[in-house]
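Structural data only, the sequence is not supplied:
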């Protein structure tokens, strides 16, 4: 079920499946646990508007080698113009930053060239250096820095906001 | 006062009630400014009632919304709240709306300081953010008076008037807010007429 246009060397993205309820800890975007029963409800609620443009769309991030779920990406958009990307990575993964960075490198070209969103925003913790580097490689521009918005066991870390404008938008007959 | 949660000299904050739906819809209908949002929109009281029915259902909530009322006669003059509440990182984003007739008299700033006191001293948030359209210079000035610091600028946040509009981003830490509030109160005290015996 992996999307061929969202597959990289280490990870790929796919639509969520009912069977994902069994490992919500890997993809559910909260530190508070949910069981399989609640995860099943959540998955159904999250997919009630398949053609809608205004509901967040969730994608599982899985490893290419063994299909293990390692996180999720959520694209929240208003209509077909603006989007915001957020990630939730499996909390036990020491390589979460690298996996997220690779997922970002898959998603951004897709959002820009395939979905053709006009504008994309990304928020990331400043100490997630691989993801930050990927964002900047992809042409996202740092727009804001929120001081201490992320709590870590060792102290507070800034949250940075990136944005990108899809410049090919233009008037067709101009 | 009716069910007050935060009380100032002239205004207080309380939970929004179903009876607020009609005045909130009226505020929208009587909006005079065009620069704050993507465009003015008349809203139905039915829409507000639908929102108010569920607004306090979840605890801890993802956002906290208050009615802003005058102490002298309990009149509703606006609403404000803290959204995007992150209970793990202890952050949130403020938003506020004051009906047009009540702007520019300091009521909004007083209410906002009550809201920030609630956020920092009752919810124990570490940091609070706010965003404002670049064209909304009145709100930017108000945020600066409340201690908010510039955190950046989203250049292409939205389109208005056929042109990309920037959104200014601000953040605020506890000590900055305390200093701003103390300065504001000191300034207010200086404005009071001298009482002579």
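Thanks, I have the structure now. Everything numeric in this text was worked out from a predicted model, so none of it was measured.

And the contacts of stretch A:27-39?
A:16, A:20-22, A:24-25, A:42, A:58, A:60-61, A:69, A:71-72, A:74, A:86, A:88, A:90-91, B:88 (Cβ atoms under 8 Å, 6 or more residues apart in numbering or on different chains). Glycine gets a C-beta too; all of them are placed from N, C-alpha and C.

Looking at the residues you listed, which are in strands?
Using DSSP state E, the subset of the contacts of stretch A:27-39 located in strands is A:58, A:60, A:61, A:69, A:71, A:72, A:74, A:86, A:88.

burial of the first one, as a residue count?
If you count neighbours by other Cβ atoms under 10 Å in any protein chain shown, residue A:58 ends up with 22.

who's it bridged to?
With DSSP bridges as the criterion, residue A:58 is bridged to residue A:74.

Am I right that it is in contact with residue A:16?
Yes - in terms of Cβ atoms under 8 Å, residue A:58 counts as a neighbour of residue A:16; the distance is 5.3 Å.

Is the residue in chain A that chain B sits nearest to part of a helix or strand, or is it coil?
The minimum distance from chain A to chain B, using Cβ to the nearest Cβ, falls at residue A:144 (2.5 Å). Following DSSP: H, G, I helix; E, B strand; the rest coil, we place residue A:144 in the strand state.

Excluding chain neighbours, what is closest to it?
Nearest residue to residue A:144 in three dimensions, chain neighbours excluded: residue B:152, at 2.5 Å (Cβ to Cβ, 6 or more residues apart in numbering or on different chains).

mind listing what's buried in the helix ranked longest in chain B?
Taking DSSP state H as the assignment, the helix of chain B that covers the most residues is helix B:174-191. Neighbour-count burial for helix B:174-191, counted by 16 or more other Cβ atoms under 10 Å in any protein chain shown, picks out B:174, B:176, B:177, B:180, B:181, B:184.

So which residues of chain A form strands?
Under DSSP E, chain A gives strands at A:11-15, A:57-63, A:69-78, A:82-89, A:119-125, A:141-152, A:155-165.

okay, these in JSON lines with mean pLDDT and distance to residue B:30 next?
Output for these, formatted as JSON lines (pLDDT from 0 to 100; distance: least, Cβ to Cβ, whole Å):
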{"stretch": "strand A:11-15", "mean pLDDT": "95", "distance to residue B:30": "46"}
{"stretch": "strand A:57-63", "mean pLDDT": "96", "distance to residue B:30": "38"}
{"stretch": "strand A:69-78", "mean pLDDT": "92", "distance to residue B:30": "26"}
{"stretch": "strand A:82-89", "mean pLDDT": "94", "distance to residue B:30": "29"}
{"stretch": "strand A:119-125", "mean pLDDT": "95", "distance to residue B:30": "32"}
{"stretch": "strand A:141-152", "mean pLDDT": "97", "distance to residue B:30": "33"}
{"stretch": "strand A:155-165", "mean pLDDT": "96", "distance to residue B:30": "34"}
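
re the thing from before, residues contacting the residue of chain A closest to chain B?
A:160, A:161, B:151, B:152, B:153, B:154, B:169.

what separates it from residue A:132, distance-wise?
Distance from residue A:144 to residue A:132, counting by Cβ to Cβ, to the nearest Å: 14 Å.

what sits in contact with each of the two?
By Cβ under 8 Å, 6+ apart, the residues touching both residue A:144 and residue A:132 are residue A:160.
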